[in-house]
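Q: Give the three-dimensional model of this entry:
(chains A and B)
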Protein chains: 2
Amino acid sequence: MTPLRYESDTRVIERALVDVDLAAATAAVRRLSPPQTVDVLERLNRQQRAILYRLLTKEQALAVFEDLEPTLQGDLVGALQQEDVAILFADLDPDDRVELLDELPASVARRLIQGLPPHERGLTATVLGYPHGSIGRRMSPEFVAVRSDSTAAQALSRVHQRLEDAETVYTLPVTDDRRTLVGVVSLRDLLRASPATPIGELMQPAHPVRATDDAETAARHCADLKVLVLPVVDNESRLVGILTVDDALRILDTAETEDQARTGGTEPLRRPYLASPIRNLVRARVVWLLVLAVGATFTVQVLSAFRGTLSHVVALALFVPLLIGTGGNTGNQAVTTVTRALALGDIGPRDTAKVVAREFRVGLMLGLLLGSVAFVLASVVYNRSLGAVIGLSLLAVCTMAATVGGAMPLVARALHADPAVFSNPFISTFVDATGLVIYFLIAKAVLPI
Amino acid sequence: MTPLRYESDTRVIERALVDVDLAAATAAVRRLSPPQTVDVLERLNRQQRAILYRLLTKEQALAVFEDLEPTLQGDLVGALQQEDVAILFADLDPDDRVELLDELPASVARRLIQGLPPHERGLTATVLGYPHGSIGRRMSPEFVAVRSDSTAAQALSRVHQRLEDAETVYTLPVTDDRRTLVGVVSLRDLLRASPATPIGELMQPAHPVRATDDAETAARHCADLKVLVLPVVDNESRLVGILTVDDALRILDTAETEDQARTGGTEPLRRPYLASPIRNLVRARVVWLLVLAVGATFTVQVLSAFRGTLSHVVALALFVPLLIGTGGNTGNQAVTTVTRALALGDIGPRDTAKVVAREFRVGLMLGLLLGSVAFVLASVVYNRSLGAVIGLSLLAVCTMAATVGGAMPLVARALHADPAVFSNPFISTFVDATGLVIYFLIAKAVLPI
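A: Got it, this is the predicted structure:
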């Protein structure tokens, strides 16, 4: 645990790469552990990353490559010798291999698959056979399963045979004679049991997922159950793979990064922040900004329509940002809360009516609170009728914003779209335009115009 | 895997509780697995939850209680018999016990601790001794450690002795004769090695965390390393506990829920969405809304200050929501991206200058793109000088918003505050006011007023 030393090594490496002092960079990077090296590589641009990677020892290089994100692995593949790539590729687990393949041009991918030993090629093909976004594509097909009619001793000897190559041996799926999953057994229980105990007596319920299930849902299931391994089955309940907790964690991390990006109105970055070129940052944001700006032209039209009212009572213009800002904030809060509850599985599409009713009540109470405060303040500073306009508008806008904000993510889910797409900026833009209509209608009704 | 049956059971239970048909509820809930029962309990209000919980079998009740969130455990403790609570409490792991204690009134907590067997009381006290928010408070003090000078056979026999009670036996911390942590060894490597091999030859580097380290940082470290167990040491590098991957996952989940809530401008809920009373939802949001509304009164003041310009050219008012909305969106994007990169450890406070420079460039490019489009459109629809005002304002506002939005989370981190506090609504409100100043200054300079 020498974070200070590691931090100074990082600086040395970054400076050495800028100065093209490869001796200094080599000396520094060879002192780092693989996870530390990954941290450093994620901070560099593509060119520096390829240079530094080639300075690693052969041993380091393998361990580091495995830990890198698939996108960065893909970047490196383009910069390395073909034979080095083939070695690295054969060394990856089948699920990691498939993730990398998704990043590579088809011709490179085909060449790499053909270079694999037959057994590995078969495993890779299994995983490749499942659709994008399914857990089948992220599972490991290299598991150790035991039969329910075998004994603890037989199962332990099977574990011993597979200690070298299996992805994990700590939780073992249990199958019957037709490869149907019937449970799981932990190595701990195997070690604790007397050797002749039948596995059927030691096993626990398996809570499996189907290979075609959505990867994020399956990973969330693994996390909620707090298990090290989740068995993956086909439509006939036959065991086809396992999802390990570290892979589940990676899937959830990526999903949360995507959710947060969309919530903030940007496309997720495919590389770590410092490793993303500026043009990628711009590209991830500009489309959303343009779409939202087009949406915002509705506000120009609404204001144009009420231009007469506006030039009559210029004071109305003063409260436009406050009003639509508060509406946007209320909508944001509802969207954020409901999107997270959906992601955690706390609510589902069947709760739509319940959620909308709750958000309506919350919005109404927030509107009453803020509206009364605004009514009193604006009555004192300006006059009572302007106070009434602002107070009533806040009441209506908060109620509308919370209700719509709460409903949006559920509507998206019902349409099989990503709930986070109805993001905070989206709801703000929507609330801006409708809030203005409400504001001016109330103003026209209350004020003597 | 019978999700359909489970879903209909859930409906049956919810309806039975409303109708107070306890026989139907009992029959349905006893068919569910503990994780499914937790799901159902999280959807009920406090009263229904206590009723349903008391319908569980003794065996179910123990398993379900362990899996519940501490806040919900706390709710239940108030509704159960003292002796039932004492049994549940003794059954929890020391780290889970401490989490529950934080939810309970001090008098109840004291009584429960006194009711523990002496050994368990000691373990609980160890964990209670670390500060709130530190990993020491979330670690497990019940680990199996092995000595580096022992053999694989000796280590395995130690594992066999502790199969009943240890939190995990799959990754074992290795210590020297002064309890100093020197590495970790996996059960897999122990099983694979010949019995006489010294542990010193089998062990791997440990990458430990300090007990006083921030819990979220430690959990992130565990996830990044993809290890099942992270050893926790004191300031003298002596082993004091372990963090298991499932606990790390729980810590990260809570942290991400908090981050997302703050990003949306609300306080995190302490219970699942449907289990939160409406007044809690209102309370979690109202303070932020009021603070932001007070911030938004600056926009009223800015517009008041430029009231002359506004009544002179009422057309300027038409573009206010579009302009500040786009600024807010640009700021949101920067805040979201940088906050997530910070949470993932991709960037740190030392990268501030680099991040600000990058965001400035991104904002400038976005501003140039949007500003040119707006200039052309507004020149055609209105006139060239209004087009120039809007184009230039967008350029300036986007650049400002991205730069400030990128800097904010880093400033918060440097001040040891939660980066997510400088949330999207916060940056929107800030950009609203400054954006208006920029807009009217440009208008006064360009237009013949």
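
Q: what number of residues lie near A:Cys448?
A: Wrong residue type there; residue A:448 is Pro, not Cys. Counted with other C-beta atoms under 10 Å in any protein chain shown, the neighbours of A:Pro448 add up to 5. All C-beta spots, glycine's among them, are computed from the backbone N, C-alpha and C.

Q: For it, give its distance to chain B.
A: As judged by C-beta to the nearest C-beta, to the nearest Å, A:Pro448 and chain B stand 19 Å apart.

Q: Kindly report the same for A:Pro70.
A: Counting by C-beta to the nearest C-beta, the gap from A:Pro70 to chain B is 15 Å.

Q: Closest to the centroid, which residue in chain A?
A: A:Ala255 (1.3 Å; C-alpha atoms, centre = their mean).

Q: Got phi/psi on it?
A: phi -60, psi -40 (degrees, to the nearest 10).

Q: Which residue is the nearest non-sequential neighbour of it?
A: Closest residue to A:Ala255 apart from its sequence neighbours, by C-beta to C-beta, 6 or more residues apart in numbering or on different chains: A:Glu216 at 4.5 Å.

Q: Relative to chain B, how far out is that neighbour?
A: 13 Å.

Q: isn't the residue nearest to the centre of chain A right up against A:Asp214?
A: No: assessed by C-beta atoms under 8 Å, A:Ala255 is found out of contact with A:Asp214, at 9.8 Å.

Q: Secondary structure element holding the residue nearest to A:Ala255?
A: Assignment of secondary structure by DSSP states H and E places A:Glu216 within helix A:215-225.

Q: can you check A:Glu359 too?
A: Assigned by DSSP H and E, A:Glu359 falls in helix A:352-381.

Q: which residues does A:Arg147 contact?
A: Each residue near A:Arg147 by C-beta atoms under 8 Å, 6 or more residues apart in numbering or on different chains is listed here: A:Val174, A:Thr175, A:Asp176, A:Asp177, A:Ile199.

Q: what's stretch A:336-352 in contact with?
A: With C-beta under 8 Å, 6+ apart, stretch A:336-352 has contacts from A:220, A:224, A:255-256, A:259, A:263, A:354-355, A:359, A:405-411, A:413-414, A:419-420, A:424, B:7, B:39, B:42-43, B:253, B:257, B:260-261, B:263-266, B:269, B:272-274, B:281, B:284.

Q: let me fix that: stretch A:115-135
A: A:86, A:89-90, A:94-95, A:97-98, A:101-102, A:113-114, A:136-137, A:139, A:141-142, A:209-215, A:217-219, A:232, A:240-241, A:243.

Q: now that stretch, how far from the centre of its chain.
A: 23 Å (C-alpha atoms, centre = their mean, to the nearest Å).

Q: Would you work out how far apart the start and end of it are?
A: End-to-end distance of stretch A:115-135 (C-alpha to C-alpha, to the nearest Å): 26 Å.

Q: For that stretch, buried residues please.
A: A:Gly115, A:Leu116, A:Glu120, A:Leu123, A:Thr124, A:Thr126, A:Val127, A:Leu128, A:Tyr130, A:Ser134, A:Ile135 (16 or more other C-beta atoms under 10 Å in any protein chain shown).

Q: got it, and stretch A:170-179?
A: In stretch A:170-179, counting by 16+ other C-beta under 10 Å, buried: A:Tyr170, A:Thr171, A:Leu172, A:Pro173, A:Val174, A:Thr175.

Q: what about that stretch, distance to the chain center?
A: With C-alpha atoms, centre = their mean, you get 31 Å for stretch A:170-179.

Q: Check what contacts it and list those residues.
A: Contacts of stretch A:170-179 (C-beta under 8 Å, 6+ apart): A:143-149, A:155, A:159, A:181-188, A:190, A:199-200, A:203, A:206, A:227-229, A:231, A:238-239, A:242, B:170, B:187-188, B:228.
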